[in-house]
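> For reference, the sequence and a predicted model appear below.
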Amino acid sequence: MRIDIVTGLPDILTSPLNESIIKRAQESGSVIIEIHNLREYTHDRHQTIDDTQYGGGAGMVLKPEPLFECIDALQQARKYDEIIYMTPDGERFTQSMATELSLKQNIILICGHYKGVDERVREALVTKEISIGDYVLTGGELAAAVVVDAVVRLLPGALHDSTSAMSDTFQDNLLGAPVYTRPPEYRGMKVPDVLLTGNHKAIEEWRQEQRIKRTKEKRPDLLDD
Ligand code: ADE
């Protein structure tokens with residue numbers, strides 16, 4: 001898979017995308033992640049990427065020209081399955097959306113900033129709009145990092161143990177079961193006996209019960225779906 005991220009603030013993205021699992025997935029060739037600095041697609045001395053909005057009002061808007069030129073250059077190099085704009089008024093990001101995106105070949109993520117992007121970018125270029133939740137961030141960079149993280153860990157070769165993703169919270173619309181590690185007893189608190197039995201069937205049944213119990217307690221809304 002290939003993910004191209006278009007941003008006016010590339011530095012925000014370098015560190016989150018170059019650690020741990022995301023780093024390993026890039027090194028193993030599971031994913032290519034390229035960050036594109038919008039300022040490289042400007043033609044003025046100040047490398048202007050934003051401007052005030054027509055009609056007045058507070059907040060700057062990302063200009064159309066650098067965005068169109070950057071996306072043009074990417075599309076000349078290859079075909080993209082989705083051009084995604086990160087925005088608080090987009091469709092809410094979910095685990096099933098992460099799974100869908102992990103099956104794509106090439107995607108572009110556009111990070112908005114300030115007031116957002118010129119509407120013509122959304123009309124002419126964008127195929128999907130994603131929000132990571134009902135709150136407003138200063139820009140789409142952290143939201144894009146969230147999407148990349150959730151998608152890349154699902155790619156074959158990203159996790160050491162590929163069955164790990166299958167027992168995740170939200171897989172099957174259920175939260176994950178509680179997990180324990182050594183020691184078997186700590187400060188008087190014991191690991192549930194069943195986990196120490198080595199009886200895989202009993203352990204699986206216990207985990208499934210726990211997942212349902214947890215979901216009922218913490219996220220009953222998931223059971224309605
Ligand atoms: N940009 C600013 N806020 C955002 C959000 N909640 N989701 C996606 N992109 C954003």
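Now that the structure is in, tell me what you want to look at.
> What is the neighbour count of Ile132?
20 (other Cβ atoms under 10 Å). Using the backbone N, CA and C atoms, a C-beta is placed for each residue, glycine as well.
> With the one 4 residues further on instead?
Other residues near Val136 come to 10 when the count uses other Cβ under 10 Å.
> got it, and the one 4 residues further on?
Taking other Cβ under 10 Å as the neighbour definition, Gly140 ends up with a count of 32.
> what's near enough to touch it?
Neighbouring residues of Gly140 by Cβ atoms under 8 Å, 6 or more residues apart in numbering: Thr7, Tyr85, Met86, Thr87, Leu109, Ile110, Cys111, Gly112, His113.
> Turn those into JSON lines, including neighbour count.
As requested, the contacts of Gly140 are exported to JSON lines (neighbours: other Cβ atoms under 10 Å):
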{"residue": "Thr7", "neighbour count": "26"}
{"residue": "Tyr85", "neighbour count": "25"}
{"residue": "Met86", "neighbour count": "28"}
{"residue": "Thr87", "neighbour count": "22"}
{"residue": "Leu109", "neighbour count": "28"}
{"residue": "Ile110", "neighbour count": "27"}
{"residue": "Cys111", "neighbour count": "27"}
{"residue": "Gly112", "neighbour count": "26"}
{"residue": "His113", "neighbour count": "21"}
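> and those near the ligand, which?
Met86, Thr87, Gly112 (Cβ under 6 Å from any ligand atom).
> Show me which residues of stretch 33-44 are buried.
Ile33, Ile35, His36, Asn37, Leu38, Tyr41, Thr42 (16 or more other Cβ atoms under 10 Å).
> no, scratch that, I was asking about stretch 178-198
Buried-residue list, stretch 178-198, by 16+ other Cβ under 10 Å: Val191, Leu195.
> Equivalent analysis for stretch 24-31, please.
Under 16+ other Cβ under 10 Å, the buried positions of stretch 24-31 are Ala25, Gln26, Ser30, Val31.
> can you list the residues that contact the longest strand anywhere in the chain?
Scanning the chain for the strand with the most residues, using DSSP state E, yields strand 82-92. Residues outside strand 82-92 that contact it (Cβ under 8 Å, 6+ apart) are 71, 97, 101, 104, 107-112, 116-117, 121-122, 125-137, 140, 143-144, 147.
> what about that strand, distance to the chain center?
11 Å (Cα atoms, centre = their mean, to the nearest Å).
> so after it, what's the next helix or strand?
Scanning forward in sequence from strand 82-92 by DSSP states H and E, the next helix or strand is helix 95-102.
> element containing the spatially most central residue of the chain?
In the chain, the C-alpha nearest the mean C-alpha coordinate belongs to Val147, at 0.7 Å (Cα atoms, centre = their mean). Taking DSSP H and E as the definition, one finds Val147 inside helix 141-152.
> hang on, the earlier thing: can you tell me which of the buried residues of stretch 33-44 is closest to the ligand?
Closest to the ligand out of the buried residues of stretch 33-44 is Leu38 (15.3 Å), distances taken as Cβ to the nearest ligand atom.
> Look at the closest one and report its pLDDT.
Looking at Leu38, its pLDDT reads 98.
> Quick one: residues contacting it.
Residues in contact with Leu38 (Cβ under 8 Å, 6+ apart) are Val6, Thr7, Gly8, Ile49, Leu62, Pro66, Leu67, Cys70.
> 6 Å - rerun?
Gly8, Ile49, Pro66 (Cβ atoms under 6 Å, 6 or more residues apart in numbering).
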